[in-house]
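**Student:** Predicted model follows, preceded by the sequence.
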Amino acid sequence: MRLYRWKVDPNTFRIVGGITSNNIGDLGLTSDNCCSGSGGSDYGTISGHKYWDLNCNGIRENGEPGVANWTITLSRPGTPSQTNTTDANGWYSFTNLLPGVIYTVTESSKVGWFNGATSSYSLALGSGQSAIRDFLNCKKPECSNLLTEEGGDEECCQYSFNLSNGLGKLSKLDYTVTGGALKYIETESCIPTSVSPNITFASSSGTLSYVPSCNNSVDVKFGAYSTTASGLVCVKFKFTFEYGTGSFTCDTTICFQCDRMPKDCGDALKVIPHVFGSNNTDWHFFSVSNVKAPISRISSIDLNFFPPPTTGHIGGSSIATSVDPAGFWGIGSYAWTPANSGGPSAPYSKIRLNCSGNSLPHGPAASNSVWFQLGVDKLLNYNGSVQVKVGYCDGDTCEFIYRWIAPTNNGAGKVVAKNISSAPRIFSLDITPIDSTESFTVSIADTAASIIAISAPDPTELNTGNLFGLSGSVSGNSAMYKTNVSNASEMKIPTVNTNIVFVPSKTGSSDSTSIIIRYYGKEGNEIGTTSKVINTSKITTSVNQPLTNPAKGDVFINSIIPNPGSGTMTCTYSLGAGENARLELFNTLGQSVALISDSFTAQGSHQKSFNVTSLAEGIYHLRLTTPSNEAVVTVKVIH
């Protein structure tokens, strides 16, 4: 019988020839290593320990224990991998390994552990060689054990704590602040090589980097200031440590109480008399801008008249939470009705906005502004005050008082329409005055030219932290713009847009015009000048030309007798042309209470009587409407 070694697996062999004995013992196979030569001496072993590198220095030192139940894998090309699990002492071993074959032994990875030196070895064994390959791992420290809080100073808004490095090396510190901003941050015993951004006054987020990384414990001290009404400042820190061959991070958030940011309500309330609906109602357009500090959204508005108008007040049909007044008329507006604004007993006294969503009655809390309208009947000649109490999502409130003054009638005045002989021209400018400018002029080099109109921005369009506006005046060929603040040296006028309409001195003048802009300081001294040649546009539309064939007929309500009245009233009215005429009585909420007539009516004067006995005392509006025009008068009912 001849025996051959099988080169793929040492425990496999071939028998060539016949076997004449049925007794396997006759073959003389007395050892697992029968095919390996003399006692299997040319096969090798790879073994070693898995150690816990307590100080993560990549070196096995006395006292560092083995780690049990860690998987070690042995692999070589073209064959399945073998695995071994470390015993209670961290020992593993792979035996019966062929010489001359390149083996790779690899440790598995586990969450929270880092390789202290290497995670794999590749080697070829000599005949009968045994090799020792140890693995060292260090364990990520518990972040909660690295931080020792010391505490804060509420009055000074400061805080400090100690950060242990956990045998790692601090390479980076990131911070993010909510409810405030950092004024400074210090890391004693570790000096950062870079700070981004540099904290010159305050920062809400940043990074401190350490190159090379710092292996000392760190005393972290920082000061902040609050930007909220609560005064609570929270700082989230993220520390990055180099550790063994890897790195780990620890996060912590420290919240501490500081003095609240002082409340500043600002110049939030603007009121403009406004024509809306009936001409017999004294309407005022209210704008509440969100300029409070600390910043928070507007959540409510409460309105109170002192004293209340005898017949109450009314409100616009909607409110808007928008920076654009145009939103009041539909875009971004919400219905404002007696039912959702205070109920029947106190309509149009409340606005309620939601800090946590977009629910009714009036939508989400306002970041920018709230717009609404209030009206009082003109016949009341009401004089009083409106208290506007504004609530914010952070719990702050601000109160403003508006003095409501009844409109006065000092006569019709005099208006004369003047025809312009020469074709006027127009140009538009964007002017950015130099610092400390209190006023500036725009002059046309054509000294005989006449400026006939200018536009000046509304004061609410010039808000840049200081609320101010411009007043404009015209003299000959020059227009002056002047601020309405007392100390122009403390603020800067932003870019101003204005349009100027002028009549040149000569017919057929050039389409270009030379202008001069002069800037003046508080004392009236000229502090700068600019000269520029600009293009002008001709205005070809006729100006102030009378209408020879008016498309609309005149309508007049000549009288209502008696007024006030308690029974039957008689209205006398006139039509400039024969057409359908509708005579209708409305209450102050705009609801129709009586249709008096609605039919074709001839040109000339007419009378209609109507009875108000069934109506409650108060103010009503009688409206005469034709397809081309309308007239409205106020009717007062008494009993």
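**Tutor:** Everything's here; your move.
**Student:** Test for you: state the pLDDT assigned to Leu303.
**Tutor:** Leu303 is assigned a predicted lDDT (pLDDT) of 96.
**Student:** could you point out which element follows the host helix or strand of it?
**Tutor:** Secondary structure from DSSP states H and E places Leu303 in strand 298-306. Once strand 298-306 ends, the next helix or strand along the chain (criterion: DSSP H and E) is strand 314-315.
**Student:** chain center to that next one: distance?
**Tutor:** Taking the mean C-alpha point of strand 314-315 and that of its whole chain, the gap between them comes to 32 Å (C-alpha atoms, centre = their mean, to the nearest Å).
**Student:** Just the buried residues of stretch 579-597, please?
**Tutor:** Neighbour-count burial for stretch 579-597, counted by 16 or more other C-beta atoms under 10 Å, picks out 579, 581-588, 593-594, 596. Placement of C-beta: from N, CA and C, glycine included.
**Student:** Let me know the closest of those residues to Asn62.
**Tutor:** Thr588 (96.3 Å; C-beta to C-beta).
**Student:** Disregarding residues adjacent in the polypeptide, which is nearest to the closest one?
**Tutor:** Ile314 (5.1 Å; C-beta to C-beta, 6 or more residues apart in numbering).
**Student:** doesn't Leu589 make contact with the one you found?
**Tutor:** Yes - applying C-beta atoms under 8 Å as the test, Ile314 and Leu589 come out as touching, 6.1 Å apart.
**Student:** For the stretch 451-600 of the chain, which segments are assigned as strands?
**Tutor:** Counting by DSSP state E, counting those that start in this stretch, residue ranges of the strands within the stretch 451-600 of the chain are 470-475, 478-483, 496-503, 512-520, 526-535, 537-538, 555-561, 568-575, 579-587, 592-601.
**Student:** closest to Gly90 out of the ones you listed?
**Tutor:** Shortest separation from Gly90 across the strands of the stretch 451-600 of the chain is recorded for strand 496-503, at 79.6 Å, computed as C-beta to C-beta.
**Student:** So which elements touch that closest one?
**Tutor:** When contacts are defined as 3 or more C-beta pairs under 8 Å, 6 or more residues apart in numbering; DSSP states H and E, strand 496-503 packs onto strand 425-431, strand 439-444, strand 450-454, strand 478-483.
**Student:** Show me what counts as buried in the first one.
**Tutor:** Within strand 425-431, the residues that qualify as buried are 425, 427, 431, counting by 16+ other C-beta under 10 Å.
**Student:** who does the second one bridge with?
**Tutor:** Okay, so that is Phe427. When bridges are called by DSSP bridges, Phe427 pairs up with Ile500.
**Student:** Next, the contact list for it, please.
**Tutor:** The contact partners of Phe427, by C-beta atoms under 8 Å, 6 or more residues apart in numbering, come to 499-500, 513, 515, 534-537.
**Student:** ok, back up a step: and the buried residues of stretch 579-597, which two are furthest apart?
**Tutor:** Checked with C-beta to C-beta, these reach their widest spread between Glu579 and Thr588, with 28.2 Å between them.
**Student:** quick one, what contacts Ile452?
**Tutor:** Ile452 is in contact with 420, 424, 474, 501-503, counting by C-beta under 8 Å, 6+ apart.
**Student:** what about the helices in the stretch 351-500 of the chain?
**Tutor:** Counting by DSSP state H, counting those that start in this stretch, no segments of the stretch 351-500 of the chain form helices.
**Student:** Now the residue nearest to the spatial centre of the chain. Its backbone dihedrals?
**Tutor:** Taking C-alpha atoms, centre = their mean, the centroid of the chain lies closest to Ser367, which sits 8.1 Å from it. With angles defined as degrees, to the nearest 10, Ser367 shows backbone torsions of phi -80, psi -30.
**Student:** Let me see the contact set for it.
**Tutor:** Taking C-beta under 8 Å, 6+ apart as the criterion, Ser367 is in contact with 290, 297-298.
**Student:** If we use 7 Å, what do you get?
**Tutor:** Contact criterion C-beta atoms under 7 Å, 6 or more residues apart in numbering gives 290, 297 as the residues in contact with Ser367.
**Student:** what does Gly100 give?
**Tutor:** The contact partners of Gly100, by C-beta under 7 Å, 6+ apart, come to Ala124.
**Student:** I'd like the numbering to begin with 630 instead of 1 from here.
**Tutor:** Shifting the count to begin at 630 puts that one at Gly729.
**Student:** Could you measure from the closest residue to Gln1002 other than its chain neighbours over to Ser970?
**Tutor:** Spatial nearest neighbour of Gln1002, excluding adjacent residues (C-beta to C-beta, 6+ apart): Gly945 at 3.3 Å. Gly945 sits at a distance of 10 Å from Ser970 (criterion: C-beta to C-beta, to the nearest Å).
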